[in-house]
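A.B. asks: Here's my sequence, what's the structure:
(one chain, ligands or ions: 2)
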Amino acid sequence: MNIQTIMVVGAGQMGSGIAQVAAASGLQVLLHDTSPEFLKRGMLSIDKQLSRSVEKGKLTQDGMKEILRRIQPTEFIELAEQADLVIEAISENMALKVLLFHRLDGICPPHTIIATNTSSLPISEIAAVTGRPARVIGMHFMNPVPVMPLVEVIRGLETSQEVFEVVCGLSERLGKIPVEVNDFPGFVSNRILMPMINEAVFTVYEGVASVESVDKVMKLGMNHPMGPLELADFIGLDTCLSIMEILYEGFKDSKYRPCPLLRKYVKAGRLGRKSGQGFYTYSS
Ligand SMILES: CC(=O)CC(=O)SCCNC(=O)CCNC(=O)[C@H](O)C(C)(C)COP(=O)(O)OP(=O)(O)OC[C@H]1O[C@@H](n2cnc3c(N)ncnc32)[C@H](O)[C@@H]1OP(=O)(O)O
Ligand SMILES: NC(=O)C1=CN([C@@H]2O[C@H](COP(=O)(O)OP(=O)(O)OC[C@H]3O[C@@H](n4cnc5c(N)ncnc54)[C@H](OP(=O)(O)O)[C@@H]3O)[C@@H](O)[C@H]2O)C=CC1
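C.D. replies: Ligands and ions are numbered 1, 2, ... in the order given. Presented below is the predicted three-dimensional model:
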């Protein structure tokens, strides 16, 4: 199957990154979000990343224009009828995702593959609301998408071998390395990463150390590029909380209970970098 046009749904930090790498690899990209404001924000972030590459001499001005020309921002989800592949990157919420998948299933032609960038939700359950579970798959990119090489590829119970191979091939075309993992809550990446982040929040909550000290310990002592609390802010505290809830719900094991401090911050609207405040305060 030859993928030429893709639609990315959700122009947040992941969706805009996926759109950028897809357009850079020569694909035509439709970038959909629900409002012009979110689309503008997503396109601005792509522009900023590409401009940095131009400044560093890694991309020419013409190359940048060419990449931007391949991305069409749209408020109209109906344009998904033109896509060979849709990659969903909306908020980590099962109710929202199943509504969207049901809608996309009605719009897309039968050959279209519908992939989800979910961090933790069961692929088989999302696929079950469509009439094409064989063409639904998990395609889990890492943040920041232009930098991180991994794509976790997750088959649902019904995902076909053809779809699995197409998605692995496409990941490689985007310059990524696909790794197959099974459909269990949090897959591999977040089953391991998120409890570490949650435990870091507990160490602050229980007064073991300050936010800065926890991050320093993990950066200087374990060589992590970002401390776990800095990383939580980078991912989005709402996303971290959703993932912990999904692990807790999925395994019914108390080791996955989200720290009350994480919940408190999310309820207060402190979502990390994207809202300007999380464990740290951000100016832009
Ligand atoms: C929640 C989930 O479901 C799964 C997840 O994604 S979990 C999160 C996984 N991601 C991580 O763990 C990221 C951990 N952090 C890091 O690896 C690094 O801190 C980082 C790559 C983000 C930044 O690296 P750094 O060395 O501190 O900064 P910096 O020198 O400015 O950047 C290194 C490169 O990344 C690029 N970069 C940094 N941030 C970027 C961003 N947000 N978007 C695009 N590119 C970015 C820079 O332009 C630079 O590129 P070049 O090498 O081409 O010059
Ligand atoms: N953040 C991370 O590090 C990673 C996240 N992921 C996963 O990627 C997905 C997106 O995360 P992320 O980009 O961080 O989230 P963001 O909050 O940055 O972006 C989500 C975007 O989707 C929009 N949206 C919500 N519902 C719909 C809808 N029905 N149709 C169209 N657009 C919609 C949101 O708009 P609005 O603001 O109105 O809600 C927002 O613009 C999640 O499933 C997350 O778990 C995967 C890997 C890493």
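A.B. asks: In which helix or strand does the nearest residue to Gln20 once chain neighbours are set aside reside?
C.D. replies: Distance criterion Cβ to Cβ, 6 or more residues apart in numbering; nearest residue to Gln20, sequence neighbours excluded, is Ile46 at 4.7 Å. (Each C-beta comes from the backbone N, C-alpha and C, glycine too.) Using DSSP states H and E, Ile46 falls within helix 36-55.
A.B. asks: what residues does the stretch 101-250 of the chain put near ligand 1?
C.D. replies: Within reach of ligand 1 by Cβ under 6 Å from any ligand atom, the stretch 101-250 of the chain has these residues: 119, 142-144, 146-148, 189-190, 193, 225-226, 231, 235.
A.B. asks: Show me how this protein divides into domains.
C.D. replies: Domain assignment of the chain by automatic domain parsing yields the ranges 5-181, 190-275.
A.B. asks: Same list (the ones you listed) but as CSV, adding mean pLDDT, mean neighbour count and distance to ligand 2.
C.D. replies: Output for the domains of the chain, formatted as CSV (pLDDT from 0 to 100; neighbours: other Cβ atoms under 10 Å; distance: least, Cβ to the nearest ligand atom, whole Å):
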stretch, mean pLDDT, mean neighbour count, distance to ligand 2
domain 5-181, 98, 19, 2
domain 190-275, 98, 18, 4
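A.B. asks: Which stretches in the stretch 51-200 of the chain count as strands?
C.D. replies: Assigned strands in the stretch 51-200 of the chain, in chain order: 71-74, 85-88, 113-116, 136-141, 150-155, 177-181 (criterion: DSSP state E, counting those that start in this stretch).
A.B. asks: mind giving me a markdown table with these and columns for distance to Ser16?
C.D. replies: What follows is the strands of the stretch 51-200 of the chain, written out as a markdown table (distance: least, Cβ to Cβ, whole Å):
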| stretch | distance to Ser16 |
| --- | --- |
| strand 71-74 | 9 |
| strand 85-88 | 12 |
| strand 113-116 | 16 |
| strand 136-141 | 11 |
| strand 150-155 | 17 |
| strand 177-181 | 21 |
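A.B. asks: And these: which comes nearest Gly10?
C.D. replies: Gly10 lies closest, by Cβ to Cβ, to one member of the strands of the stretch 51-200 of the chain: strand 85-88, at 6.6 Å.
A.B. asks: Tell me if the closest one is near ligand 1.
C.D. replies: No. Strand 85-88 lies out of reach of ligand 1 by Cβ under 6 Å from any ligand atom, never closer than 13.7 Å.
A.B. asks: quick one: contacts of that strand?
C.D. replies: 3, 6-10, 15, 18, 22, 80, 97, 100-101, 104, 108, 112-118, 139, 166-167, 170 (Cβ atoms under 8 Å, 6 or more residues apart in numbering).
A.B. asks: Just confirm Val29 is within a strand.
C.D. replies: Yes. The assignment for Val29 by DSSP: H, G, I helix; E, B strand; the rest coil puts it in a strand.
A.B. asks: who does it bridge with?
C.D. replies: Counting by DSSP bridges, Val29 is bridged to Ile6, Ile71.
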